[in-house]
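S.K.: missing the sequence, but the structure's below:
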């Protein structure tokens, strides 16, 4: 071992874990969370921390998340896109091991989130400004604070502008699930009074919306408008370019890293209040005035 490497090993004292298991099973191919976690990884490694992904198995032995963290002697954990209702997650955040969450709120645990209230409000108001009154909303899984916030804000904004929302216009879908979105968009477009604009769970779901529209002989945005959420680069490069809300994925990752490192290095000064990062409306080309 070289002298430089020996010095680095002596200086290194901390290892961090990432707990990540998003529901579509895209893993690190999920464009939004891949960007968030990559920014987190770069930020913590620049401070001399090692990073590993947490799972429930070591060899043939099954572990809880907490047991895994203790076995690996992890000093902190970033929790992102997991089933937050899982008792093992609750056990981990109550264990005393420093944790930070992305897109979820736990009591007394630092959290980093986008300003989803403002994001949904921006989307709905933009659709209304383009002349839409019949606006439908397909949301992701309903066991997260992000989804609950978006549903509530959608309903409140529509109510503020005195626009009715039929029960059929709010559909429960999945994040980053093209097949489910294709089915739900097809159902919405088959209604006797179909919506003129559909808000999707996220940008990946745009591909499902495109398939559904093609199957029904409809065009986006000439026959139906759609909007996404996340602002991933891929849907900004295809045509028509997706109207969406851009989340600051790099900022979320960097802020999560800063909060977690702060808990480890300066626990008495660490803040447990959530941080909400601003979002940006990308107007794109998929929302036009209804015919």
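M.R.: Received, thanks. From a predicted model like this one, the values you see are computed outputs, not experimental measurements.

S.K.: Secondary structure of residue 153: a strand, I assume?
M.R.: No - residue assignment for residue 153, taken from DSSP: H, G, I helix; E, B strand; the rest coil, gives helix, which places it outside any strand.

S.K.: Mind jotting down where the helices sit in the stretch 101-250 of the chain?
M.R.: Across the stretch 101-250 of the chain, reading from the start of the chain, the helices by DSSP state H, counting those that start in this stretch fall at 116-129, 145-160, 178-189, 206-215, 234-237, 249-265.

S.K.: Nearest to residue 87 among the ones you listed would be which one?
M.R.: Relative to residue 87, the nearest member of those by CB to CB is helix 145-160, separated by 17.9 Å. For the C-beta atoms, the positions are set from N, CA and C on the backbone; glycine is no exception.

S.K.: what stretches of this structure score poorly on pLDDT?
M.R.: Along the chain, segments meeting pLDDT under 70 span 1-13, 22-29, 57-60.

S.K.: per-domain residue ranges of it.
M.R.: Domain segmentation of the chain under automatic domain parsing yields 3-114+248-278, 116-246.

S.K.: Would you mind putting those into JSON lines with distance to residue 285 alongside?
M.R.: Compiled in JSON lines, the domains of the chain are given as follows (distance: least, CB to CB, whole Å):
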{"stretch": "domain 3-114+248-278", "distance to residue 285": "20"}
{"stretch": "domain 116-246", "distance to residue 285": "4"}
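
S.K.: so which of those domains comes closest to residue 291?
M.R.: Put simply, out of the domains of the chain the one that sits nearest residue 291 is domain 116-246, at 7.4 Å, with distance taken as CB to CB.

S.K.: Identify the residues contacting residue 258.
M.R.: For residue 258, the contacting residues are residue 43, taking CB atoms under 8 Å, 6 or more residues apart in numbering as the criterion.

S.K.: next one: residue 121
M.R.: Contacts were defined as CB under 8 Å, 6+ apart; by that measure residue 121 touches 153, 157.

S.K.: Check the gap between it and residue 143 for me.
M.R.: Between residue 121 and residue 143 the computed distance is 23 Å (CB to CB, to the nearest Å).

S.K.: got the helices of the stretch 101-250 of the chain as a markdown table, with distance to residue 196 columns?
M.R.: What follows is the helices of the stretch 101-250 of the chain, written out as a markdown table (distance: least, CB to CB, whole Å):
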| stretch | distance to residue 196 |
| --- | --- |
| helix 116-129 | 9 |
| helix 145-160 | 13 |
| helix 178-189 | 10 |
| helix 206-215 | 13 |
| helix 234-237 | 21 |
| helix 249-265 | 30 |
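
S.K.: Residue 197: neighbour count?
M.R.: For residue 197, the count of nearby residues is 27 (other CB atoms under 10 Å).

S.K.: Hmm, it is touching residue 137, no?
M.R.: No - applying CB atoms under 8 Å, one finds residue 197 not in contact with residue 137, separated by 9.6 Å.

S.K.: check contacts around the closest residue to residue 158 other than its chain neighbours.
M.R.: Nearest residue to residue 158 in three dimensions, chain neighbours excluded: residue 165, at 5.1 Å (CB to CB, 6 or more residues apart in numbering). Contacts here follow CB under 8 Å, 6+ apart; on that basis residue 165 touches 135, 137, 154-155, 158.

S.K.: Tell me which two in those are the farthest apart.
M.R.: Most distant of the contacts of residue 165, by CB to CB, are 135 and 155, 11.0 Å apart.

S.K.: Between these two, point out the one with more neighbours.
M.R.: Set side by side, residue 135 and residue 155 give different neighbour counts by other CB under 10 Å, the larger being at residue 135 (23 against 15).
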